[in-house]
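Engineer: For reference, the sequence and a predicted model appear below.
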Amino acid sequence: MSRLEVDTARLPLLLGELRLPAIARTWPEMAERADREGWPAARLLSVLAELEIAERARRRIERHLAEAHLPPDKTLEGFDFAHVPMLSKARIMALAAGDAWLAQGANLLLFGPPGSGKSHIAAALARTLVENGFRTLFTRTTDLVQRLQAARQELTLEAAITKLDRYDLLILDDISYVRRDQAETSVLFELISRRYERRSLLITANQPFAAWDSVFPDPAMTVAAVDRLVHHATVVEMNVESYRQRAAATRKGRTPTTKRTAPQNPPPDPQPT
């Protein structure tokens with residue numbers, strides 16, 4: 001057996017030890033092409049390295065999409081921006097780049113009645129952010145509050161909130177459904193305070209800020225939470241008829257009959273960062 005054959009036989013083991021699966025899978029084809037086209041060694045090495053980097057990026061995106069717990073089939077391409085004229089597609093696409101507002105720990109607040117598309121746009125935005133290299137987590141606010149309450153009872157609340165810091169964007173869906181009479185919800189205020197100007201939040205809500213006294217234990221905490229959320233925030237009102245019902249009616253080939261929802265009292269609209 002020649003030295004070349006020995007080296008070739010050892011390559012799968014060596015590449016496995018180095019954790020280079022893409023190179024291990026593609027090098028025979030690339031090496032054959034390099035021989036056929038007369039590539040210099042540096043070009044072959046560069047091509048193999050680029051393939052490995054691309055493979056790692058793909059696997060990383062898959063892992064981060066899995067951990068994000070996003071609703072299925074929610075994409076920006078599948079969202080009907082024409083149905084929500086107050087929602088600027090250009091602004092959402094700019095937010096999807098993520099580099100500016102996430103670095104500043106800025107927030108995005110989406111208000112509107114049930115079915116207006118808040119959760120869809122939140123999940124779609126999160127999916128694009130993951131594809132752009134950021135980590136996100138999508139959760140119903142009630143579920144997260146219950147988890148944080150359990151952590152408080154186990155004296156591990158600090159660790160639980162710190163663990164959420166790994167996410168560049170934390171999406172709290174349907175915050176209006178949290179009720180302070182369900183249990184102590186001050187854990188939600190602690191989460192908001194900890195992420196303030198450090199990590200971003202995206203919050204969807206059916207009710208304006210004026211109705212949030214039902215969420216937090218006392219009015220002073222409500223004011224403090226709202227103050228932290230709107231500082232460095234983009235606030236979007238989505239007061240339109242049900243997006244879900246309209247989409248269902250369109251699929252069935254008929255005109256939706258849902259009446260337009262009357263606008264709610266709008267929250268303060270600070271200058272977006």
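Structural biologist: Now that the structure is in, tell me what you want to look at.
Engineer: So which residues make contact with stretch 90-102?
Structural biologist: With C-beta atoms under 8 Å, 6 or more residues apart in numbering as the test, stretch 90-102 has contacts from 76, 81, 108, 121, 125, 128-129, 132-134, 168-169, 200, 234, 273. Where C-beta positions appear, they are placed from N, C-alpha and C, glycine not excepted.
Engineer: go with 6 Å
Structural biologist: By C-beta atoms under 6 Å, 6 or more residues apart in numbering, the residues outside stretch 90-102 that reach it are 125, 128-129, 132, 134, 168, 200.
Engineer: With respect to residue 48, which of the residues you listed is nearest?
Structural biologist: residue 132 (25.4 Å; C-beta to C-beta).
Engineer: What is the neighbour count of the closest one?
Structural biologist: When neighbours are counted by other C-beta atoms under 10 Å, residue 132 registers 13.
Engineer: any idea how far residue 121 is from the closest residue to it other than its chain neighbours?
Structural biologist: Once flanking residues are discounted, residue 132 sits nearest to residue 98: 5.5 Å by C-beta to C-beta, 6 or more residues apart in numbering. Remark: distance between residue 98 and residue 121 (C-beta to C-beta, to the nearest Å) = 15 Å.
Engineer: out of these two, which sits in the busier spot?
Structural biologist: Using other C-beta under 10 Å, the more surrounded residue of residue 98 and residue 121 is residue 121, with 26 against 21.
Engineer: Wait, a helix at that one?
Structural biologist: Yes. Assessed by DSSP: H, G, I helix; E, B strand; the rest coil, residue 121 belongs to a helix.
Engineer: List the residues that contact residue 213.
Structural biologist: Contact partners of residue 213, counting by C-beta under 6 Å, 6+ apart, are 219, 222.
Engineer: Surely it is within a strand?
Structural biologist: No. Under three-state DSSP, residue 213 falls outside any strand and is assigned helix.
Engineer: How many neighbouring residues does residue 62 have?
Structural biologist: When neighbours are defined as other C-beta under 10 Å, residue 62 has 11 of them.
Engineer: measure it to residue 224 for me?
Structural biologist: Distance from residue 62 to residue 224, counting by C-beta to C-beta: 39 Å.
Engineer: Could you do residue 177 as well?
Structural biologist: 21 Å.
Engineer: Give the burial count for residue 238, as a bare number.
Structural biologist: The burial count for residue 238: 21, using other C-beta under 10 Å.
Engineer: contacting residues for it?
Structural biologist: Counting by C-beta under 6 Å, 6+ apart, residue 238 makes contact with 84, 112, 116, 118.
Engineer: Mind checking which of those land in helices?
Structural biologist: Among the contacts of residue 238, the ones falling in helices (DSSP state H) are residue 118.
Engineer: Show me where this structure dips below the pLDDT cut-off.
Structural biologist: Applying pLDDT under 70 to the chain flags the ranges 1-6, 182, 240-273.
Engineer: That one: helices as residue ranges?
Structural biologist: Using DSSP H, the helices of the chain run over residues 3-17, 21-37, 41-68, 89-97, 99-103, 118-131, 141-153, 157-163, 186-195, 219-230, 243-251.
Engineer: So which of the ones you listed has the densest surroundings on average?
Structural biologist: Most buried of the helices of the chain by mean neighbour count (mean count of other C-beta atoms under 10 Å) is helix 118-131; its value is a mean of 23.
Engineer: So what touches that one?
Structural biologist: Contacts of helix 118-131 (C-beta under 6 Å, 6+ apart): 61, 64-65, 68, 70-71, 74-76, 79, 96, 98, 110, 112, 136, 138, 171, 173, 202, 204, 238.
Engineer: which ones among those residues are found in strands?
Structural biologist: Using DSSP state E, the subset of those located in strands is 110, 136, 138, 171, 173, 202, 204.
Engineer: Look up which residues are beta-bridged to the closest residue to the third one other than its chain neighbours.
Structural biologist: When you say that, I think you mean residue 138. Counting by C-beta to C-beta, 6+ apart, residue 138 lies nearest to residue 171, which is 4.5 Å off, once chain neighbours are set aside. When bridges are called by DSSP bridges, residue 171 pairs up with residue 138, residue 202.
Engineer: Spit out the contact partners of residue 171.
Structural biologist: 122, 126, 138, 202.
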